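J.: coords please:
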Amino acid sequence: MKFWTGVTDNDWYAFLAERKLDEVNFWRPSPGPYFTNLQAGTPFLFKLKAPFNHIAGGGVFAQYSTLPIEMVWDAFGEKNGAASFREFDQKIRAYRKLPKGPLEMGSNVLVEPFFFPRDQWISLPDWPRAVVQGKTYDTETTEGAWIWNEVQQRLQDKAIMDLVAEPAVEYGGPRYGEQFLTRSRLGQGAFRVLVSEAYGKRCAITGESTLPVLEAAHIKPYELEGPHKITNGMLLRSDFHKLFDAGLVTVTPELRVRVSDRIREQYFNGKAYYRLHDQPLAVIPKLASQQPDPEFLRWHLNERFVG
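T.: Reported below is the predicted structural model:
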């Protein structure tokens with residue numbers, strides 16, 4: 001099994017280690033893909049910067065995304081490792097030497113994060129100084145097997161070990177990605193990012209691509225035990241999100257849009273919406289495993305739609 005060890009900002013680690021979190025954003029100040037070939041479900045360990053050349057925790061990689069800094073903060077808040085947006089913005093701009101103007105950055109979304117007590121950190125005295133981003137280890141090698149064994153000895157949460165165990169390939173997808181995304185416990189921030197990426201950052205109904213007006217919608221609401229899963233989500237323009245939650249718009253299991261007569265009857269308007277009635281979705285995830293689950297769509301059609 002391969003796993004990634006990323007060089008970790010010490011202040012970021014110290015801030016997050018004090019909190020019990022379901023996800024964190026291992027951000028990068030620039031939008032470039034720093035870590036190549038990482039697939040969903042890959043173990044991702046935190047190697048602190050000097051003088052602490054130790055592995056001090058980790059998580060499970062879920063998704064990489066490039067987003068404006070405002071949207072990154074909106075999705076993750078303190079899970080970015082900062083107490084306020086101002087502090088976060090100042091830190092990223094200092095790294096980028098960009099005092100003002102629009103700012104996009106990279107986000108490595110990690111779920112199931114874990115942080116070791118100081119006396120359980122794993123020493124890596126031979127870490128190469130030239131490696132400033134991180135490196136891949138393989139449990140088939142002596143060093144990789146030793147590191148992973150040390151991690152296993154420290155982890156008490158069996159659920160994390162289950163997530164990164166050798167999974168079978170499902171849906172014809174990659175070794176980790178497909179199965180991991182169907183069984184992991186995503187947080188709200190990860191849900192938003194993964195749904196956005198699955199739909200190519202475009203509204204499922206209209207194809208709109210203006211990011212500030214796009215929102216990750218739950219098909220079955222979270223408060224009604226709808227899970228944070230890609231298959232229970234769609235990326236929708238904000239007005240369609242409100243109509244969808246109100247039951248004035250739905251999507252059938254056949255992935256066609258339905259618009260309720262209530263909009264016309266109650267609000268004497270809605271021509272822009274009725275033009276889309278009975279039309280197929282404008283955007284559907286390419287991977288079958290990320291497409292809306294027909295059971296969730298059927299629930300919304302029968303239990304929420306007021307057509």
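J.: can you pull the buried residues of stretch 1-19?
T.: 1-9, 12-13, 15-17 (16 or more other Cβ atoms under 10 Å). All C-beta atoms are positioned from the backbone trio N, CA, C, and that covers glycine.
J.: what comes into contact with that stretch?
T.: Residues from elsewhere that reach stretch 1-19 (Cβ atoms under 8 Å, 6 or more residues apart in numbering): 24, 26, 35, 38, 42-49, 52, 55-57, 61, 78-79, 81-83, 108, 113, 115, 131-139, 144, 147-148, 164, 166.
J.: ok so, going back, max pairwise distance over the buried residues of stretch 1-19: which two?
T.: 1 and 15 (29.5 Å; Cβ to Cβ).
J.: hmm, back to that, which one of the buried residues of stretch 1-19 sits closest to residue 283?
T.: residue 4 (30.4 Å).
J.: Enumerate every residue touching the spatially most central residue of the chain.
T.: Centre of the chain computed as the mean C-alpha position; nearest residue by Cα atoms, centre = their mean is residue 190, 2.6 Å away. Counting by Cβ under 8 Å, 6+ apart, residue 190 makes contact with 23, 62-63, 109, 111, 228.
J.: For residue 103, state which of those residues is nearest.
T.: residue 109 (18.5 Å).
J.: re earlier: among the buried residues of stretch 1-19, which are in strands?
T.: Among those, the members falling in strands (DSSP state E) are 2-8.
J.: give me the number of residues near the residue nearest to residue 122 when sequence neighbours are not counted?
T.: Leaving aside its sequence neighbours, residue 122 sits nearest to residue 55 (Cβ to Cβ, 6 or more residues apart in numbering; 4.1 Å). By other Cβ atoms under 10 Å, 23 other residues sit near residue 55.
J.: who's residue 55 bridged to?
T.: residue 47, residue 122 (DSSP bridges).
J.: On the C-terminal side of the least confident helix or strand in the chain by mean pLDDT, identify the next helix or strand.
T.: Across the helices and strands of the chain, mean pLDDT, DSSP states H and E gives its lowest value to helix 177-183, namely a mean of 44. Next helix or strand after helix 177-183 toward the C-terminus (DSSP states H and E): helix 188-198.
J.: Can you name the secondary structure element that comes next after that next one?
T.: Following helix 188-198 in sequence order, the next helix or strand is strand 214-218 (DSSP H and E).
J.: is it possible to export the buried residues of stretch 1-19 to TSV including pLDDT?
T.: Listed next are the buried residues of stretch 1-19 as TSV, based on pLDDT from 0 to 100:
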residue	pLDDT
1	88
2	90
3	93
4	94
5	95
6	94
7	94
8	96
9	94
12	97
13	97
15	97
16	97
17	96
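J.: Sketch out the helices for the stretch 1-150 of the chain, chain order is fine.
T.: Along the stretch 1-150 of the chain, the stretches classed as helices by DSSP state H, counting those that start in this stretch are 10-17, 69-76, 85-96, 142-154.
J.: so which of those is the most packed in?
T.: helix 69-76 (a mean of 21; mean count of other Cβ atoms under 10 Å).
J.: so that helix versus strand 214-218, what angle?
T.: Put simply, helix 69-76 runs at 10 degrees to strand 214-218, going by axes from the mean of the first three to the mean of the last three Cα atoms, to 10 degrees.
J.: re earlier: now the buried residues of stretch 1-19 as CSV including distance to residue 213?
T.: Shown next, in CSV, are the buried residues of stretch 1-19 (distance: Cβ to Cβ, whole Å):
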residue, distance to residue 213
1, 41
2, 39
3, 38
4, 34
5, 38
6, 33
7, 36
8, 34
9, 32
12, 30
13, 35
15, 31
16, 30
17, 36
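J.: Which of those sits closest to residue 282?
T.: residue 4 (35.3 Å).
J.: just to revisit the earlier point, just the buried residues from the contacts of stretch 1-19, in ChimeraX please.
T.: Buried residues among the contacts of stretch 1-19 (16+ other Cβ under 10 Å), as a ChimeraX selection:
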select :24,26,35,38,42,43,44,45,46,47,48,52,55,56,57,61,78,79,81,82,108,113,115,134,137,139,144,147,148,164
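J.: Mark which of the contacts of stretch 1-19 are part of strands, please.
T.: Among those, the members found in strands (DSSP E) are 24, 26, 43-48, 55-57, 61, 108, 113, 115, 134-138.
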